[in-house]
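[1] no letters, just coordinates:
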């Protein structure tokens with residue numbers, strides 16, 4: 001996988017885990033910690049109908065949480081830690097069970113919760129959440145690859161009355177085709193479902209500038225659908241984007257959805273890219289679609305920006321925030337303030353990536369968590385050094401870190417985040433440690 005494939009995972013990408021598919025440079029011995037420390041006294045229950053006053057958290061594991069076949073069989077673990085990093089309890093889980101994690105000797109109100117997935121025999125992702133409340137529930141993140149592309153079949157199209165010297169672009173939610181002016185033509189296009197809608201634009205030959213559009217509904221399989229191209233005459237709406245001068249790569253996509261509030265049938269209405277300092281126009285069909293989602297991605301020296309918008313217009317402005325880290329006496333502290341909801345901080349060693357999802361604030365401590373013995377077969381990075389990189393998040397539908405925890409508890413698959421997330425959001429990732437620069441873009445998969 002090349003750098004562009006990793007950085008622009010949007011082109012068929014999965015949801016965000018802050019895990020990279022690249023190998024990272026191995027850290028030196030004093031930068032790693034092996035999982036050999038014995039566990040503190042703790043009890044573990046997997047009973048679905050038993051409530052214990054010492055239960056710290058209850059987790060229902062979906063029946064399809066872990067991949068159990070193929071070459072990348074997954075194993076799942078959870079461990080809990082006190083504020084100072086001391087291990088409270090741990091467990092390996094299987095699909096379809098309920099975990100009730102207890103710790104008899106712990107009387108605190110909050111703790112750290114760490115999810116660990118081992119992919120195959122080597123690649124490990126660990127995700128830690130701070131300030132989990134005693135007696136609460138949790139939903140572990142489903143890190144399986146989602147395939148959102150569906151195929152119902154090819155629809156037959158009969159195209160009539162095209163304008164001379166024009167090029168027509170025809171889009172379904174899963175495919176696209178282009179045809180030149182001419183007499184009655186037969187064409188086909190793949191559909192994700194039947195009936196479906198098509199988005200058609202028209203441009204003068206050689207201009208690459210759309211002149212008009214039409215949306216045709218009720219396109220079905222197993223019949224010939226006649227489309228009058230003379231009806232591709234509705235005016236488009238446009239806006240201009242200036243690519244920031246610090247951009248190395250820059251992409252902007254807009255999708256329209258035929259049903260209000262329903263993101264099941266997204267049709268691409270614009271896909272643009274540009275180089276630093278240039279401008280381009282984005283064209284979309286105004287009120288032709290009742291629902292839109294736009295995605296903007298760009299990277300520059302030591303950072304990347306990923307934004308989504310439930311409006312068709314999106315701008316490349318960066319979030320306004322401050323983030324800093326300090327290491328003293330083998331302890332990491334951080335400050336994260338500004339117009340962000342939470343921060344995710346990551347370390348990497350060999351084939352293990354460990355991310356901490358944390359609240360905003362000033363001079364907050366990230367402790368070195370004691371690793372449970374059940375994870376002794378794998379090496380984890382030492383949380384006693386400057387992080388490799390961090391990501392900050394701002395979500396319109398989530399208010400602060402407490403809002404994120406509520407979102408996760410109310411979800412079915414945890415915080416699954418990708419460029420297909422239909423929200424208004426901003427994610428910005430920044431590289432800190434040069435040795436981890438080649439995995440700094442993995443934040444796009446975070447959580």
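    Done, it's in. This one's a predicted model, so the numbers in the text were calculated from it and none came from an experiment.
[2] per-residue pLDDT, the closest residue to residue 367 other than its chain neighbours?
    In space, and not counting its chain neighbours, residue 367 is closest to residue 85: 3.6 Å by CB to CB, 6 or more residues apart in numbering. In this view, the C-beta of every residue, glycine as well, is placed from N, C-alpha and C. You'll see residue 85 listed with a pLDDT of 96.
[3] what sits against residue 85?
    Residues counted as contacts of residue 85 (CB atoms under 8 Å, 6 or more residues apart in numbering) are 112, 367, 368, 369, 370.
[4] give me the subset of those residues that lies in helices.
    For these, membership in helices holds for none, with DSSP state H as the criterion.
[5] please compute how far the longest helix anywhere in the chain lies from its chain's middle.
    Scanning the chain for the longest helix, with DSSP H as the assignment, gives helix 400-409. A distance of 16 Å separates the centroid of the chain from that of helix 400-409, by CA atoms, centre = their mean, to the nearest Å.
[6] quick check, residue 143 in contact with residue 117.
    Yes: using CB atoms under 8 Å, residue 143 is in contact with residue 117, at 5.5 Å.
[7] overlap of the contact sets of the two?
    74, 125.
[8] can I assume residue 192 is in contact with residue 150?
    Yes: here residue 192 reaches residue 150: they are 4.5 Å apart, a contact under CB under 8 Å.
[9] any idea how far residue 57 lies from residue 398?
    Residue 57 is 20 Å from residue 398, where distance means CB to CB, to the nearest Å.
[10] wait, residue 223
    45 Å.
[11] okay, these two: which has more neighbours?
    When neighbours are counted by other CB atoms under 10 Å, residue 223 and residue 398 differ, and residue 398 comes out ahead with 20 against 10.
[12] could I get the contacting residues of the more buried one?
    Applying CB under 8 Å, 6+ apart, we find residue 398 in contact with 341, 404, 407.
[13] mind listing the shared neighbours of residue 192 and residue 150?
    residue 174.
[14] quick one, which of the two is more surrounded?
    Legend: neighbour count by other CB under 10 Å for residue 192 and residue 150, higher for residue 192 (19 against 13).
[15] what score does that one have for pLDDT?
    Looking at residue 192, the pLDDT reads 94.
[16] and if you look at residue 151?
    So residue 151 comes in at 91 (pLDDT).
[17] need the contact list for it.
    174, 190, 191, 192.
[18] identify the farthest-apart pair in those.
    The largest separation in the contacts of residue 151, counting by CB to CB, is between 190 and 192 at 7.7 Å.
[19] list the residues that are in contact with both of these two.
    Taking CB under 8 Å, 6+ apart as the criterion, residue 190 and residue 192 both touch 151, 172, 174.
[20] grab the nearest non-local neighbour of residue 122.
    Using CB to CB, 6+ apart, the nearest residue to residue 122 is residue 351, at 4.8 Å.
[21] kindly report the same for residue 309.
    Excluding the flanking residues, the one nearest residue 309 by CB to CB, 6+ apart is residue 294, at 4.6 Å.
[22] ok so, going back, if you average the pLDDT over the longest helix of the chain, what comes out?
    Mean pLDDT, computed over helix 400-409, is 96.
[23] got a list of contacts for that helix?
    Here helix 400-409 has contacts from 129-132, 136-139, 141, 341-342, 357-360, 395, 397-398, 414-415, using CB under 8 Å, 6+ apart.
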